[in-house]
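Undergrad: using only what follows, build the 3D model:
(2 chains)
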Number of protein chains: 2
Amino acid sequence: MQFTSEQRLDDGVLERAFTLGEVPGVLWTSGTGPAPLILSGHNGGLHKRNPRLVARARHYAAEYGYAVAAIDHPGHGDRPRSAADEQHRADLRRAIQAGEPVDGIVDAFIVPLVDRAVPEWQATLDALLSLPEIAGPVGYSGMTAVGIRLAVVEPRISAAGFFAGGFVPRVLREEARQVTLPLQFLLQWDDEGNDRQQALDLFDAFGSEEKTLHANLGGHAGTPWFEVDDGARFFARHLT
Amino acid sequence: MQFTSEQRLDDGVLERAFTLGEVPGVLWTSGTGPAPLILSGHNGGLHKRNPRLVARARHYAAEYGYAVAAIDHPGHGDRPRSAADEQHRADLRRAIQAGEPVDGIVDAFIVPLVDRAVPEWQATLDALLSLPEIAGPVGYSGMTAVGIRLAVVEPRISAAGFFAGGFVPRVLREEARQVTLPLQFLLQWDDEGNDRQQALDLFDAFGSEEKTLHANLGGHAGTPWFEVDDGARFFARHLT
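TA: Residues are numbered from 1 along each chain as shown, chains lettered A, B, ... in the order given. Prediction:
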């Protein structure tokens, strides 16, 4: 892991860009630790294109003392898109606009993404936990599909907050039954790109003994800010 | 309103029993106020039979400085049951055990209860708000059926937390569309006596622009304790 830049932000949070092989990432910390760690998984491209995610990461670091890390998944953010990535995105847009079923496209697009992203997260976790300022325990927050696989294969993850606003392939909806860690599942009730019943079925499928659904009125990007603090308190119950 | 007993509890909360006409109630306060007020509506009988509700009321008073009031609804707790009450209860038990539809029985049982309980809550509210130690604003927390009507007819209620674990008559499920105040709706995912889909439909029906569903794994009485604090913070956003 190589740090490529760092800046101290006006809330006192230290924001450091890093690369781990071909994977670019950002780490937000406050204080000198050793801090618990939250992995922030998302579909978009890091901090430059996700002001809400950055605001959340900085809030978690500044207010709660968590270390927060984000990486760009393959084909996302600053990483090159393959011809297949471009084709999947075009297919998905076309199917949604035409009101056609997307399951087949989502499977073809997201399953290989998860297969590649999860080992990258695990390597990132190895590197982060070797830093003196990060001690764990470790939580995961964000994209559901990657989070399900990570929760199943990675014993160092102790709790997870999933956002039910992305496409979850069928095989991962099945894998959800193997998820057993404490879970907070965040649903936007009127998410234009997300089937509500499918999300409720997914919440039902998780194998966790402690799982909580938070559903709020509004579309994909309308999650109210108080859910950021609710998420932080969920992690505080399980990571500290 | 006549106070009939009072005791200072070991958490510093002052617990006072009162009567208002034929309605018995309990008021929990801490400090000298003037405090915001939470009306705690429930089906069972006051503090003697609801240790969880009492624990919540004391926690709200001790930790958050709310005044909390509970009353016995007609035919509940210390209040006499009519022959009709007994018949409705027996009918409901029998229908549930037989797996028969309960809508008709719920309508016959709960609609008259709501019609009587809501004016009692309003008279209680008049009396409570005349006390120097209570200033408002006012929230309602508890039984959904009574809460819907109260939220619709009582402009002094500013926010409500409903527990989706009771029977809600059809007319009140319709009335839910007229509820416009900020709402937190608490659902036990495996509540043996509560139809999950009907509860989700009810959440969908509320007319509020800000509404949040919290669903947790487990049966009717299994709501995790952290929801008590989540509820308090919901009220803090709207009552302070």
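
Undergrad: going forward, measure contacts between C-alpha atoms and count neighbours the same way
TA: Fine.

Undergrad: buried set for the longest helix seen in chain A?
TA: In chain A, assigned by DSSP state H, the helix with the most residues is helix A:103-129. By 16 or more other Cα atoms under 10 Å in any protein chain shown, the buried positions in helix A:103-129 come out as A:105-107, A:109-111, A:113-114, A:117-118, A:120-121, A:124-125, A:128-129.

Undergrad: what is whichever helix or strand comes after it packed up against?
TA: Counting by DSSP states H and E, the element after helix A:103-129 in chain order, helix or strand, is strand A:134-143. In terms of contacts (3 or more Cα pairs under 8 Å, 6 or more residues apart in numbering or on different chains; DSSP states H and E), strand A:134-143 is packed against strand A:35-41, helix A:103-129, strand A:157-163, helix A:226-239.

Undergrad: make a markdown table from these and add mean pLDDT and distance to A:T19 to it.
TA: As requested, the helices and strands packed on strand A:134-143 are arranged in a markdown table below (pLDDT from 0 to 100; distance: least, Cα to Cα, whole Å):
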| stretch | mean pLDDT | distance to A:T19 |
| --- | --- | --- |
| strand A:35-41 | 96 | 15 |
| helix A:103-129 | 96 | 9 |
| strand A:157-163 | 97 | 22 |
| helix A:226-239 | 96 | 26 |
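
Undergrad: between the ones you listed, which gets nearest to B:D78?
TA: With Cα to Cα as the measure, helix A:226-239 is the member of the helices and strands packed on strand A:134-143 nearest B:D78 (37.9 Å).

Undergrad: what are the contacting residues of the closest one?
TA: The contact list for helix A:226-239, computed with Cα atoms under 8 Å, 6 or more residues apart in numbering or on different chains, reads A:36, A:56, A:60, A:64, A:136-139, A:158-161, A:182, A:184, B:230.

Undergrad: out of the residues you listed, what pair is the most spread apart?
TA: Farthest apart among the contacts of helix A:226-239 by Cα to Cα are A:G136 and B:D230. That separation is 25.2 Å.

Undergrad: from chain B, how far off is A:L39?
TA: When Cα to the nearest Cα, to the nearest Å is the yardstick, A:L39 and chain B sit 23 Å from each other.

Undergrad: dump the residue contacts of that residue.
TA: Contact partners of A:L39, counting by Cα under 8 Å, 6+ apart, are A:68-70, A:138-141.

Undergrad: hmm, which two among those are most spread apart?
TA: The widest separation within those (Cα to Cα) is 13.2 Å, between A:A70 and A:V138.

Undergrad: near chain B, which residues of chain A? Just list them.
TA: Those residues of chain A that sit near chain B, judged by Cα under 8 Å from any Cα of the partner chain, are A:209-217, A:230.

Undergrad: now the buried members of the residues you listed.
TA: Neighbour-count burial within the residues of chain A next to chain B applies to A:210-217; the criterion is 16+ other Cα under 10 Å.

Undergrad: so for stretch A:205-224, mean pLDDT?
TA: Here the mean pLDDT over stretch A:205-224 is 96, rounded to a whole number.

Undergrad: for it, what is the distance to the chain centroid?
TA: Offset of stretch A:205-224 from its chain centre (Cα atoms, centre = their mean, to the nearest Å): 14 Å.

Undergrad: residues in contact with that stretch?
TA: Stretch A:205-224 is contacted by residues A:165, A:173-174, A:176-193, A:203, B:209-217 when judged by Cα under 8 Å, 6+ apart.

Undergrad: got the phi/psi numbers for the residue of chain A positioned farthest from its centre?
TA: Among residues of chain A, the one most distant from the C-alpha centroid is A:A98; the distance is 28.4 Å, by Cα atoms, centre = their mean. Backbone dihedrals for A:A98, given as degrees, to the nearest 10, come out at phi -80, psi 0.

Undergrad: and it, how close does it get to A:D91?
TA: Using Cα to Cα, to the nearest Å, one obtains 11 Å as the distance from A:A98 to A:D91.

Undergrad: and A:G75, by the same measure?
TA: Using Cα to Cα, A:G75 is found at 16 Å from A:D91.

Undergrad: please apply the same query to A:R56.
TA: Counting by Cα to Cα, the gap between A:R56 and A:D91 amounts to 31 Å.

Undergrad: more neighbours, the two?
TA: In this view A:R56 and A:D91 are compared by other Cα atoms under 10 Å in any protein chain shown, and A:R56 has more residues nearby, 19 against 16.

Undergrad: coming back round to it: in helices, which of the residues of chain A next to chain B fall?
TA: Among those, the subset assigned to helices under DSSP H consists of A:D230.

Undergrad: want to throw the residues of chain A next to chain B into TSV with distance to A:L239?
TA: Written out in TSV, the entries for these read as follows (distance: Cα to Cα, whole Å):
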residue	distance to A:L239
A:E209	17
A:E210	14
A:K211	15
A:T212	16
A:L213	19
A:H214	20
A:A215	23
A:N216	25
A:L217	29
A:D230	14
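
Undergrad: which ones among the residues of chain A next to chain B lie within strands?
TA: Judged by DSSP state E, the subset of these located in strands is A:211-216.

Undergrad: quick one: end-to-end length of stretch A:187-199, please.
TA: 8 Å.

Undergrad: what's the average pLDDT for it?
TA: In this model, stretch A:187-199 carries a mean pLDDT of 92.

Undergrad: and it, what's buried?
TA: Of the residues in stretch A:187-199, those buried by neighbour count under the rule 16+ other Cα under 10 Å are A:187-191, A:194, A:196, A:199.

Undergrad: perfect, that will be all.
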